[in-house]
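# take a look and give me a structure for this.
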Amino acid sequence: MEHDYIETSLQPGEVILGKGEVHWSIFIPGGGLLLIGVAAIPGAWLVGVVLILISFLVLMSEYLKRVSTELAVTDRRVIAKFGYFTRNTFEILLKNVESFNVEQSALGKFMNFGTIIVNGTGGMRSPFPGIAGPLKFKELAVKAIERTQNGGNGEQQRD
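The predicted structure is shown next:
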């Protein structure tokens, strides 16, 4: 699936400074279930086949989640799009972002994934779970906000 929501929603002159993506670790549960199913076939083939079928459903669901999620920081906004069959979007002007939080478990820290939480004016709080390189994404967004607050022209080197 081609990522196109962010590119088509850009305003004239708006520049993408960086993008984020869902981390590959979302495939671990489905992959583990697949391995258990394959291992179960010799002793309990029906259980093994059922586990394999369930694992394919889990893996397909996670694949669709990964390819249909778009995240970006532009020189004006933080933009996120979720969903394959349906679409949920989140867009916030950089001037309305109050802070970012990054939550990482020990495994997330080791494998470099986590949840980014965007805190906006008016108490709005939007979490983006399972993001690869969350600290880098946060740093990019904070630099964009600083540039906006300092009256920058929006030009920045792309990552």
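# from here on, just use CA atoms for contacts and neighbour counts.
OK.
# assign the residue sitting furthest away from the middle of the chain to helix, strand or coil.
The C-alpha centroid of the chain is most remote from G43, which lies 39.3 Å away (CA atoms, centre = their mean). What DSSP: H, G, I helix; E, B strand; the rest coil gives for G43 is coil.
# could you do Q11 as well?
Q11 falls in the coil class when you classify it by three-state DSSP.
# now do it against R77, distance only.
To R77, Q11 is 10 Å away according to CA to CA, to the nearest Å.
# who's more crowded, those two?
When Q11 is set against R77 and neighbours are counted by other CA atoms under 10 Å, the residue ahead is R77, at 24 against 9.
# roughly how far apart are the residue lying closest to the more buried one once chain neighbours are set aside and I16?
Excluding the flanking residues, the one nearest R77 by CA to CA, 6 or more residues apart in numbering is L93, at 4.3 Å. Counting by CA to CA, the gap from L93 to I16 is 13 Å.
# which one's more surrounded, the two?
The residue with more neighbours, out of L93 and I16, is I16; 22 against 15, by other CA under 10 Å.
# per-residue confidence for the residue nearest to the more buried one when sequence neighbours are not counted?
Nearest residue to I16 in three dimensions, chain neighbours excluded: T74, at 4.2 Å (CA to CA, 6+ apart). pLDDT recorded at T74 is 93.
# tell me the contacts of S99?
For S99, the contact set (CA atoms under 8 Å, 6 or more residues apart in numbering) comprises V118, N119, G120.
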